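# A predicted structure for the sequence below; I have some questions about it.
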Amino acid sequence: MADVELVGVGKVFGAQAVLHAIDLAISDGEFIVIVGPSGCGKSTLLRLIAGLDQPSAGDIRIEGRSALDATPAERGVAMVFQSYALYPHLNVRDNMAFGLRMAKTPEVEVRAAVEAAARLLGIESLLDHRPRALSGGQRQRVAIGRAIVRKPRLFLLDEPLSNLDAGLRVHMRHEFSRLHRELATTLIYVTHDQIEAMTLASRIVVLNAGRVEQIGTPMEIYEAPRNLFVASFMGSPRMNLIAGEIVSVGKTGVKVGLVSGDVVSAAVAAGEARAGQAVTLGVRPEALGTARAANTLSMTVDVVERLGSAHSVYGAIKGVDQPVCALLPGDRPAQHGDIIALHFSPASAYLFDSEGRALARLKPVTKAA
């Protein structure tokens, strides 16, 4: 296993700065997921760690030593690409063995390593097949097997599930979790899919326009987003955002007048809020319901996505440009044109200032047993 530290890492292509002063410390055995929209610099960052590119600024340290002068092989890194990068003229066995043979590993060790990795991945019966005879999920396993046989200190995976269908992506997420547990190695995984990030990571790095927006556990990122970008990017369906203005500040939170004309309460710390301050209210779809609560919004239903046990209900709220989404129980009838009252508690409300920074929320009071 390996610990990895990035110190002020930047990357410039021509006149275009792609990464800006990235600081990140990764401990032995962590499963780190770097997530962000397309073009934010995720894959570039992974290539820098792998040694496939060199940073324009900063240092990359593996196990306490600078790796800038080390080749990818010397770094003890194995990378799995989005395209799998299998050799079409070689069968699965030879694809998996290729790196070891290039390193002049004795053939008896090569065979043992390939067979052990094949058993771990459940592809023993495929060893004599060529890539064109395999499904997408099977090709993905072969690509992972080729990395495993090298026994790297560090696994790097660049959007490995993006070419798979939805059902197979779910299955492969489970496989990655199991492999990380069984191999007990450090793993850095890049994706634009926030569901993959939430379900796989021990910690998430949210990247945007080449800058780190927030680092934390999945629940820290989800429950305490640092800014408007993180709040709107993490979560499916995404957080509802409604413009407003603080009308009063009290000990138990603030009152916010929304563009819809509604006045709602938010459990936000008084020290960070002031009357007349322009804010954006954030409410997650699962926090909106039809059961009575302190805050109410009126929505005209436009589209209902029936998901069985729950419905994603999208509709319009006066003055709000984007559709608002609520996750409602599957037995709650709703159809196009209905006007429904949606309720949410002050504790489930988020507020962001005019620069997109999250205002501190009041911590819930826990009663003594």
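Nice, thanks for sending it over. Numbering: from 1, shown residues only.
# looking at this protein, which helix or strand does the model trust least?
Least confident helix or strand, the chain: helix 166-183 with a mean of 81, by mean pLDDT, DSSP states H and E.
# domain boundaries for the protein, per the record?
In terms of domains, the chain is parsed into 4-231, 238-352 (source: automatic domain parsing).
# what's the average pLDDT for stretch 76-87?
The average pLDDT for stretch 76-87 rounds to 82.
# which residues does that stretch contact?
2, 46, 49-52, 62, 72, 94-95, 98, 131, 139-140, 142-144, 146-148, 150, 152-160, 162-163 (Cβ atoms under 8 Å, 6 or more residues apart in numbering). For glycine as for every other residue, the C-beta is placed from the backbone atoms N, C-alpha and C.
# buried set for that stretch?
Under the neighbour-count criterion of 16 or more other Cβ atoms under 10 Å, stretch 76-87 has Gly76, Val77, Ala78, Met79, Val80, Gln82, Tyr84, Leu86 buried.
# ok so, going back, show residues contacting the least confident helix or strand of the chain.
So helix 166-183 is contacted by 31, 120-121, 136-137, 140-141, 144, 148, 155, 157, 160-161, 164, 187, 189, 196, 199-200 (Cβ under 8 Å, 6+ apart).
# what subset of the residues you listed is buried?
Neighbour-count burial (16+ other Cβ under 10 Å) applied to the contacts of helix 166-183 gives 31, 120-121, 137, 140-141, 144, 148, 155, 157, 160-161, 164, 187, 189, 196, 200.
# in helices, which of those appear?
Counted as lying in helices by DSSP state H, out of the buried ones among the contacts of helix 166-183, are Leu120, Leu121, Gly137, Gln140, Arg141, Ile144, Ile148, Glu196, Leu200.
# which members of the buried residues of stretch 76-87 are positioned in strands?
If you go by DSSP state E, the buried residues of stretch 76-87 have Val77, Ala78, Met79, Val80 in strands.
# count of residues packed around the residue nearest to Ala57 when sequence neighbours are not counted?
Spatial nearest neighbour of Ala57, excluding adjacent residues (Cβ to Cβ, 6 or more residues apart in numbering): Gly10 at 3.8 Å. Neighbourhood size, Gly10 [other Cβ atoms under 10 Å]: 16.
# so, low pLDDT: which residues of the protein?
1, 364-369 (pLDDT under 70).
# contacts for the host helix or strand of Leu48?
Leu48 belongs to helix 42-50 when assigned by DSSP states H and E. Residues from elsewhere that reach helix 42-50 (Cβ under 8 Å, 6+ apart): 4, 6, 9, 11, 18-19, 22, 34-36, 53-55, 60, 72, 75, 77, 79, 154, 156, 158-159, 188, 190-192, 207.
# of these, grab the buried ones for PyMOL.
Of the contacts of helix 42-50, the buried ones can be selected in PyMOL as follows, counting by 16+ other Cβ under 10 Å:
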select buried, resi 4+6+9+11+18+19+22+34+35+36+55+60+72+75+77+79+154+156+158+159+188+190+191+192+207
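# report the angle between the next helix or strand after the helix holding Leu48 and helix 42-50.
Remark: after helix 42-50, the chain's next helix or strand is strand 57-62, criterion DSSP H and E. Counting by axes from the mean of the first three to the mean of the last three Cα atoms, to 10 degrees, strand 57-62 lies at 60 degrees to helix 42-50.
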